[in-house]
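Novice: Build me a model from this:
(one chain, ligands or ions: 2)
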Amino acid sequence: MRLILLGPPGAGKGTQCKRIIEKYQAAHLSSGDILRAERAAGSELGQKAQSYMDSGGLVPDDLIIDMMIKAVKQAPSGYVLDGFPRTVPQAEGLDQALNRAGEKIDAIVELQVPDSAILSRMTGRRSCPKCGQVYHVENLKPKVEGQCDNSCGPLVQRKDDTPDVVEHRLKTYHEQTAAVVGYYKDKYPILTINADQPIDAVTADVFAGLESLAR
Ligand code: ADP
Ligand code: ADP
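Specialist: Ligands and ions are numbered 1, 2, ... in the order given. The predicted structure follows:
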């Protein structure tokens, strides 16, 4: 199974991806998670990406395309792309690599959420720096406040989840990423999901949509 999850920051891409990969046994390829790991490792790519990420802008396409094509090649039995592609040139770069490999994407899952629902999701997001599990202070609480359920230790708040940076990321999404859905319109099946519902209801709609595509 090869899927692309699209949607604004805070739409629930990471949350839903974790559930999809569990059910369909695919790799979760999150460009944001890979970039954060590069930063934590102090790599050249991580250093180059830092200022763009902290301000809520996009890391340049050439860096991202190379990074994600490498990740895709390491997941031959299937993957769910989360946070990539975020621009039309990135989508074109992915298509070229897929064509070369004789592969195609099974479906695009678009999570739709109004801007008005995003800010509280982002400022309430907490994540585990060790295992990547994502929580929310109200919508998805860990069993013990501030601690990862997988016994990894304390949860952290991402530096780019502050109101100012979230506002910039939403602007970036509308200016550069929203067009990616249009790019895929006649290329692959698109599942449009109302992601402005409780997390389990979104998952149920995603699974129902994927099953109806498979039939
Ligand atoms: P994205 O990967 O699209 O940025 P996340 O999956 O990290 O989004 O979710 C952002 C925050 O919103 C997290 O704290 C998550 O727990 C919470 N969240 C995700 N989906 C929902 C939902 N359907 N309703 C309410 N909160 C949600
Ligand atoms: P979100 O919660 O908004 O989905 P991510 O974790 O996907 O956030 O991304 C965090 C930051 O990493 C983005 O604001 C951006 O600076 C950078 N980034 C992630 N994916 C890409 C991409 N495909 N192209 C350019 N920049 C990216």
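
Novice: residues in contact with the residue positioned nearest the centre of the chain?
Specialist: In the chain, the residue lying closest to the centroid (Cα atoms, centre = their mean) is residue 82, at 2.9 Å. Residue 82 makes contact with 5, 13, 14, 17, 28, 29, 30, 31, 32, 33, according to Cβ atoms under 8 Å, 6 or more residues apart in numbering. In short, each C-beta sits where N, CA and C put it, glycine included.

Novice: how close does it get to residue 198?
Specialist: Distance, residue 82 to residue 198, using Cβ to Cβ, to the nearest Å: 20 Å.

Novice: cool, and residue 188?
Specialist: 28 Å.

Novice: the more surrounded of these two?
Specialist: Neighbour count, other Cβ atoms under 10 Å: between residue 188 and residue 198, residue 188 has more, with 14 against 10.

Novice: pretty sure that one contacts residue 106?
Specialist: Yes - with contact defined as Cβ atoms under 8 Å, residue 188 and residue 106 form a contacting pair (7.5 Å).

Novice: Can you tell me, leaving aside adjacent residues, what's nearest to residue 189?
Specialist: Nearest residue to residue 189 in three dimensions, chain neighbours excluded: residue 107, at 4.7 Å (Cβ to Cβ, 6 or more residues apart in numbering).

Novice: Enumerate the residues of this protein near ligand 2.
Specialist: Counting by Cβ under 6 Å from any ligand atom, the chain comes close to ligand 2 at 9, 13, 31-32, 35, 52-53, 56-59, 64, 83-84, 86, 90, 160, 169.

Novice: For this protein, just list every one of the strands.
Specialist: 2-6, 27-30, 79-82, 107-112, 125-127, 134-136, 190-194 (DSSP state E).

Novice: what would the ones you listed look like in JSON lines with distance to residue 118?
Specialist: JSON lines is the format used below for those (distance: least, Cβ to Cβ, whole Å):
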{"stretch": "strand 2-6", "distance to residue 118": "15"}
{"stretch": "strand 27-30", "distance to residue 118": "18"}
{"stretch": "strand 79-82", "distance to residue 118": "16"}
{"stretch": "strand 107-112", "distance to residue 118": "11"}
{"stretch": "strand 125-127", "distance to residue 118": "11"}
{"stretch": "strand 134-136", "distance to residue 118": "12"}
{"stretch": "strand 190-194", "distance to residue 118": "15"}
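
Novice: Good, wrapping up.
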